[in-house]
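Student: sequence and predicted model, in that order:
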Amino acid sequence: MNKRLLLIPLIMSLASAPLYAGGHNRHGGFRDKARVIDVTPIMTTVEVPVESRECWTEEVRGTRSGNSGAGMVVGSIIGGVLGHQIGRGEGRKVATVAGTVIGAAVGRDADRHARSEPYTNTEHHCEVHTDYVREERLRGYQVTYRYHGETFSTEMDHHPGKFIPVRVQVSLVD
């Protein structure tokens with residue numbers, strides 16, 4: 001057999017090896033790598049909420065009512081005793097009850113007026129405010145690469161490094 005005839009299939013198989021080196025996929029084609037020639041970050045502006053808390057202390061002035069009930073209790077006792085002493089016969093019970101009610105009302109009013117005193121109190125207040133600040137954030141990368149003398153461009157979500165994986169489909173040109 002002629003050595004040249006054996007050499008032709010060997011050369012053909014070696015020449016087609018790069019087509020299969022990257023591995024076939026079901027779409028018919030192979031994987032290879034292309035040299036990255038430019039990487040440009042793609043930035044975007046976003047508004048970010050920032051909460052801040054503002055607190056302050058303020059003085060509050062008022063009057064304290066001495067409504068402890070002591071004046072009403074003392075007034076009702078004194079009124080009841082006086083009513084009991086003034087009343088005679090069948091009217092004694094009515095006079096005691098009336099004296100108790102009137103004494104309680106007088107004691108309550110006297111307690112209110114006698115014990116009203118001004119005061120100052122300190123109160124602490126806080127409010128939360130939401131402001132928005134603008135921030136520049138990385139959205140991705142515009143990547144320019146070269147494969148067999150042709151230049152291509154794509155957008156990626158990560159920095160590719162020096163090489164980018166590509167899928168190559170080979171078809172006949174009519």
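Tutor: The structure has been received and is ready for your questions.
Student: in this protein, which spans are helices?
Tutor: Assigned helices in the chain, in chain order: 3-21, 70-86, 91-115 (criterion: DSSP state H).
Student: return the member of those having the minimum mean pLDDT.
Tutor: For those, mean pLDDT drops lowest on helix 3-21, to a mean of 51.
Student: distance of the residue nearest to residue 147 when sequence neighbours are not counted from residue 97?
Tutor: Excluding the flanking residues, the one nearest residue 147 by Cβ to Cβ, 6 or more residues apart in numbering is residue 34, at 3.9 Å. (Each C-beta comes from the backbone N, C-alpha and C, glycine too.) As for residue 34, its distance to residue 97 is 108 Å (criterion: Cβ to Cβ, to the nearest Å).
Student: again with residue 36
Tutor: Taken as Cβ to Cβ, the span from residue 36 to residue 97 is 104 Å.
Student: between those two, which is the more surrounded one?
Tutor: residue 36 (18 against 15; other Cβ atoms under 10 Å).
Student: what mean pLDDT does the longest strand along the chain have?
Tutor: Looking across the chain with DSSP state E, the single longest strand is strand 30-64. For strand 30-64, the mean pLDDT works out to 93.
Student: and if you look at stretch 164-174?
Tutor: pLDDT averaged over stretch 164-174 gives 89.
Student: start and end of it, how far apart?
Tutor: 30 Å (Cα to Cα, to the nearest Å).
Student: residue 143 against residue 151, yeah?
Tutor: No - contact criterion Cβ atoms under 8 Å: residue 143 and residue 151 do not qualify, at 11.3 Å.
Student: between the two, which one's more packed in?
Tutor: Neighbours were counted for residue 143 and for residue 151 using other Cβ under 10 Å; residue 143 has more, 20 against 11.
Student: any idea how far that one lies from residue 136?
Tutor: 20 Å.
Student: what of residue 43?
Tutor: From residue 43 to residue 136 the distance is 5 Å (Cβ to Cβ).
Student: next one: residue 74
Tutor: Applying Cβ to Cβ to residue 74 and residue 136 gives a distance of 76 Å.
Student: before we move on, what about residue 171?
Tutor: Residue 171 is 43 Å from residue 136, by Cβ to Cβ.
Student: ok, now residue 53?
Tutor: Distance from residue 53 to residue 136, by Cβ to Cβ: 27 Å.
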